[in-house]
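J.: I'd like to go over a predicted model; first the sequence, then the structure.
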Amino acid sequence: MKKRNLLTSTILAGSLAFAAIPFNVLAHDELGDVNIEKGERQGYSELAVPVLEGSKNLQFLHEAAAPEMKVVRPDGKQNSFGDVFAHKGYAYIGTHTQNGGNGGVRVFDLKDPSNPKEVAVFGNDIPGTWQEKVIVKSVNTPDFKGDLAVVSVQQISRTNPASKGGFLLYDVTNPASPKKLGFYEVTKKTNGTHELYLTMQGNRAIVLAANPYADYYSHGEEKDFQIVDVSNPAKPEKVWEFDPRTLPEIPEDFNGYHWNAPDGKTRPVFNHSTMVDETGKFAYISMWDLGTIIFDISNPQDPKFLGRTDFASNQQGSAHSAALAKGGNVLIETREVYVPVRPGYESSYGYTRIFDIKDKTNPKLLSEFKTDLVDNIENGTTFANTVHDPKVHGNTLYLSHYAGGVRAVDISDPANPVEIGKYVPEKSDIWGVYVDRNFVLASDIGTGLKVLLKNNGSTPQPGTK
């Protein structure tokens, strides 16, 4: 096991040259004029990278473990890695498409954070698919009580007759022995469910599913954003889906992808990600160049559109993911701009925007946060400098940033965000970040799980505060 004490603010001597990792992963702009696939690491520049820097509440942050991800596939091949989630002292890490996908979700016991133990693999039973995203929640419905995992399933190729996309549902009450409960299938005309979110509303469990390009490829038969009742995980049931044509600014001839926007530009519109606030009442839907759309989903069978974020005419939209802060009154929006130079737009990789949403019908931009990477556009063909996913813990915003590792930002004053720390492993390719109690977990596309501790104290056991 590779263990290092990284409590330092020094800079690594020399430069790290980042290797190309040819993972064949979903291209978000696959219908546009540029087709850059995630993981095609083109044109890395040599960067002097600090291993770890920190201040304020991050001064005691250190890497507890970067375990070697053992091969678990029968064919002896390794997958690339997707997002990371934590629940009751266990880490769940999804997998990507390297070596044909079907890596499933890998479960690690974090009882000893310096020595995570892999205890299970699940969700790898549908041929020709990959399982990037997993959400785990404690659920109590008339049909199921326990810990429920929902796992995104995407087809590597829609022409494979054996594959299908959607999401899987597993009982992980015992994380070492997951039990399959059900599967929700979306139209085979799209790749499947890319990202998703699970929430409770009273005694009802619902999943919000992002199925990119479903509207386009099915000619409107199915939509990109769907709400699915999973109160009985063995029988998931779609209860609503969003048609962008219902918004007043979208013309009736909207074709499910290309939007003739009011600024005169033709912009891509598809659902990339979903999330819900802690009450289960408000949903935040990342619709790329249509911005982050806010719905009241108190009645999931009849959600109400409240408002959305918008962009300056010279900004690529690319609303990728969202997080909330300040009791749900502040919205964090990350924009995955991976082609930084396009005619008619600013030259920049993707950066973070922060909104006041006390009035959810009228989001107001408070600030824009840029790391030191986003203006480094000399190569112009790799998205490794763009921001990816946001997570918030208290007044600290954590951003996964591919080559930039994990960035920590003080948002005590959301109008003036300040970077206060960063963690950048060797050959950094950080996909996801998740904060849970004393843990900051990160997932690296090439090397897998990273476990950071926010202090030097003992790790609380499951069920304790």
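T.: Received the coordinates, thanks.
J.: Please make it C-alpha for all contacts and neighbour counts, starting now.
T.: OK.
J.: Report all helices and strands that the lengthiest strand in the chain contacts.
T.: Selection of the longest strand in the chain by residue count, based on DSSP state E, yields strand 145-155. Packed against strand 145-155, as judged by 3 or more C-alpha pairs under 8 Å, 6 or more residues apart in numbering; DSSP states H and E, are the following elements: strand 129-130, strand 134-140, strand 166-171, strand 195-201.
J.: Buried residues in it, which are they?
T.: Taking 16 or more other C-alpha atoms under 10 Å as the basis for neighbour counts, the residues of strand 145-155 that come out buried are 147-155.
J.: Then stretch 207-221?
T.: 207-217.
J.: Show me where this structure has its helices.
T.: Under the criterion DSSP state H, helices of the chain are mapped to 214-217.
J.: residues touching N99, list them.
T.: For N99, the contacting residues are 77-79, by C-alpha atoms under 8 Å, 6 or more residues apart in numbering.
J.: Please, a ChimeraX command that selects the buried ones among those residues?
T.: Of these, the buried ones can be selected in ChimeraX as follows, counting by 16+ other C-alpha under 10 Å:
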select :78,79
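J.: quick one: which of the contacts of N99 is nearest to V172?
T.: Closest approach to V172 among the contacts of N99 (C-alpha to C-alpha): N79, at 22.2 Å.
J.: Contact partners for that closest one?
T.: Under the criterion of C-alpha under 8 Å, 6+ apart, the contact list for N79 reads 95-101, 103.
J.: quick one on the thing from earlier: how about TSV for the helices and strands packed on strand 145-155, with mean neighbour count, mean pLDDT and distance to G307 added?
T.: TSV is the format used below for the helices and strands packed on strand 145-155 (neighbours: other C-alpha atoms under 10 Å; pLDDT from 0 to 100; distance: least, C-alpha to C-alpha, whole Å):
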stretch	mean neighbour count	mean pLDDT	distance to G307
strand 129-130	32	96	33
strand 134-140	22	98	26
strand 166-171	25	98	27
strand 195-201	23	98	20
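J.: To D289, which of those strands lies closest?
T.: Counting by C-alpha to C-alpha, and looking across all of the helices and strands packed on strand 145-155, nearest comes strand 195-201 at 17.2 Å.
J.: on that earlier part again, check the offset of the longest strand of the chain from the chain's centre.
T.: 15 Å (C-alpha atoms, centre = their mean, to the nearest Å).
J.: Just put the helices and strands packed on strand 145-155 in a markdown table and tack on distance to T187.
T.: Output for the helices and strands packed on strand 145-155, formatted as a markdown table (distance: least, C-alpha to C-alpha, whole Å):
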| stretch | distance to T187 |
| --- | --- |
| strand 129-130 | 14 |
| strand 134-140 | 20 |
| strand 166-171 | 8 |
| strand 195-201 | 16 |
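J.: Nearest to I445, out of these?
T.: Across the helices and strands packed on strand 145-155 (criterion: C-alpha to C-alpha), the nearest stretch is strand 129-130, sitting at 13.2 Å.
J.: and the closest one, what does it pack onto?
T.: Packed next to strand 129-130, using 3+ C-alpha pairs under 8 Å, 6+ apart, are strand 145-155.
J.: who's in contact with the strand it packs on?
T.: Around strand 145-155, the neighbours that count as contacts under C-alpha under 8 Å, 6+ apart are 105, 123, 128-140, 163-173, 191-198.
J.: Could I get the contacting residues of the residue nearest to D310 when sequence neighbours are not counted?
T.: By the measure of C-alpha to C-alpha, 6 or more residues apart in numbering, the closest residue to D310 outside its immediate chain neighbours is G291, 5.4 Å from it. Residues in contact with G291, defined by C-alpha under 8 Å, 6+ apart, are 308-311, 317-319.
J.: any idea which residue sits dead centre in the protein?
T.: The centroid of the chain falls nearest to D389 when counting by C-alpha atoms, centre = their mean (5.2 Å).
J.: quick one, what contacts that one?
T.: Taking C-alpha under 8 Å, 6+ apart, one finds 320-322, 334, 399-401, 431-433 in contact with D389.
J.: Among these, find me the one that's closest to N299.
T.: When those are compared for distance to N299 (C-alpha to C-alpha), A322 wins out at 21.6 Å.
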